[in-house]
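Trainee: coords please:
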Amino acid sequence: MSATSSTSWLRVRTVARRHAYVLQRAPQRWFDVVFWPVVDAILFGSLGVYFSRTSGTGPKGVAFLLAGIILFHVVFQAEISLATGFMEETWSRNLLNLMVTPLTEFEFVAGVALFGLAKLLMGVGTVSIVALALFAFRITDVGIALIPIIAILLIVGWSIGLVVIGIILRVGQGAEILAWGLIALIMPLSGVFYPVTALPGLLQPLAAILPTTHAFAAARDVVAGHALPWDQLALAAIGSVITAVLAAAFVTRMLRVFRSRGFISRHT
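Mentor: The predicted model follows:
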């Protein structure tokens, strides 16, 4: 490893460790990685049990809801970790300090994303443990199909986080609500627990272009005991790459505007 690469990796790890320290020192930030995962697992697991009993669908009804909420937390944790990682710098008024250090934008995002992976493991792990302990559901029963599905959802989550960062750079801290608002909008449109045909007809074309829609459709097929639908997975993969490229271009453009117009004054 070259000296430049070594220095860059050191900066990335420093950013990750700094955010890990913030998490350790701020108990309220554990809500996203412990409290909400537990609540979601109990809520959707109980709904699955109720509907499976009343509709006669059996254990599959529970499995659909629990698999959906576990996989949705991949998107949620990836997005919220990246977005709040940036917002931590605005809340502490540390953004100007970062901009005058040798730290590059890529190194900062990589460091926050690295820390976000740790939060993702905690959040998704918590949902999975509660699902197993209370409802005897093992997400690992989905098998190796989990790997590409999770990878796609991870890319989409990071992309949404970049969009949120770009909007905050452009309009200020008033846009912070979008960190939770956008992901809340993605959840019903993606058909986390149901096929897109269950949505109102007006929303179905919009849902069809989301890569998450095809990723969750593939997951439902696997949970139902069918083979992995490669066509759905391919659409999800292509869509996630396009989403990532567009999100990166957007945040780059917003950063350029942020610097040229002196919007840093909003965060000092």
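
Trainee: Tell me the confidence at Ser260?
Mentor: Each residue has a pLDDT score; the one for Ser260 is 88.

Trainee: Just give the nearest non-adjacent residue to Pro102, would you?
Mentor: Leaving out its chain neighbours, the residue that sits closest to Pro102 by Cβ to Cβ, 6 or more residues apart in numbering is Arg11, at 7.5 Å. Every C-beta, even on glycine, is put in place using the N, C-alpha and C of the backbone.

Trainee: what about the helices in the stretch 51-200 of the chain?
Mentor: Under the criterion DSSP state H, counting those that start in this stretch, the stretch 51-200 of the chain contains helices at 59-91, 95-99, 105-135, 146-171, 178-189.

Trainee: could you check the angle helix 178-189 makes with the longest one?
Mentor: For helix 59-91 against helix 178-189, the angle by axes from the mean of the first three to the mean of the last three Cα atoms, to 10 degrees is 160 degrees.

Trainee: how much distance is there from helix 59-91 to the middle of the chain?
Mentor: Relative to its parent chain, helix 59-91 has a centroid offset of 5 Å by Cα atoms, centre = their mean, to the nearest Å.

Trainee: export the helices of the stretch 51-200 of the chain to a markdown table and tack on distance to Ser46, mean neighbour count and mean pLDDT?
Mentor: As requested, those are exported to a markdown table (distance: least, Cβ to Cβ, whole Å; neighbours: other Cβ atoms under 10 Å; pLDDT from 0 to 100):
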| stretch | distance to Ser46 | mean neighbour count | mean pLDDT |
| --- | --- | --- | --- |
| helix 59-91 | 9 | 24 | 90 |
| helix 95-99 | 42 | 14 | 81 |
| helix 105-135 | 8 | 19 | 92 |
| helix 146-171 | 24 | 23 | 94 |
| helix 178-189 | 18 | 17 | 92 |
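
Trainee: before we move on, the earlier item: so where does the residue nearest to Pro102 fall, helix or strand?
Mentor: Assessed by DSSP states H and E, Arg11 sits inside helix 3-25.

Trainee: any idea of the angle that helix forms with helix 105-135?
Mentor: Using the same axes, to 10 degrees: helix 3-25 against helix 105-135 is 40 degrees.

Trainee: hmm, back to that, just so I know, which of the helices of the stretch 51-200 of the chain lies nearest Leu233?
Mentor: helix 146-171 (5.9 Å; Cβ to Cβ).

Trainee: How far off centre is that closest one?
Mentor: Distance, stretch centre to chain centre, for helix 146-171: 6 Å (Cα atoms, centre = their mean).

Trainee: Hmm, the residue nearest to Pro102 is touching Leu98, no?
Mentor: No. In terms of Cβ atoms under 8 Å, Arg11 does not count as a neighbour of Leu98; the distance is 10.7 Å.

Trainee: rewinding a little: can you tell me what sits against the helix holding Arg11?
Mentor: Contacts of helix 3-25 from elsewhere in the structure, counted by Cβ atoms under 8 Å, 6 or more residues apart in numbering, are 1, 29-30, 85, 88, 102-104, 107-108, 110-112, 114-115, 118-119.

Trainee: one more time with 10 Å, if that's ok
Mentor: Around helix 3-25, the neighbours that count as contacts under Cβ atoms under 10 Å, 6 or more residues apart in numbering are 1-2, 29-30, 32-33, 81, 84-85, 88-89, 91-92, 94, 98, 101-104, 106-119, 122.

Trainee: Need the overlap of contacts for Arg11 and Leu98.
Mentor: Overlap between the contact sets of Arg11 and Leu98, as judged by Cβ under 10 Å, 6+ apart, is given by Phe108.

Trainee: just to revisit the earlier point, need the helices of the stretch 51-200 of the chain in JSON lines (columns: distance to Leu235).
Mentor: Rendered in JSON lines, the data for the helices of the stretch 51-200 of the chain read as follows (distance: least, Cβ to Cβ, whole Å):
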{"stretch": "helix 59-91", "distance to Leu235": "16"}
{"stretch": "helix 95-99", "distance to Leu235": "38"}
{"stretch": "helix 105-135", "distance to Leu235": "23"}
{"stretch": "helix 146-171", "distance to Leu235": "10"}
{"stretch": "helix 178-189", "distance to Leu235": "15"}
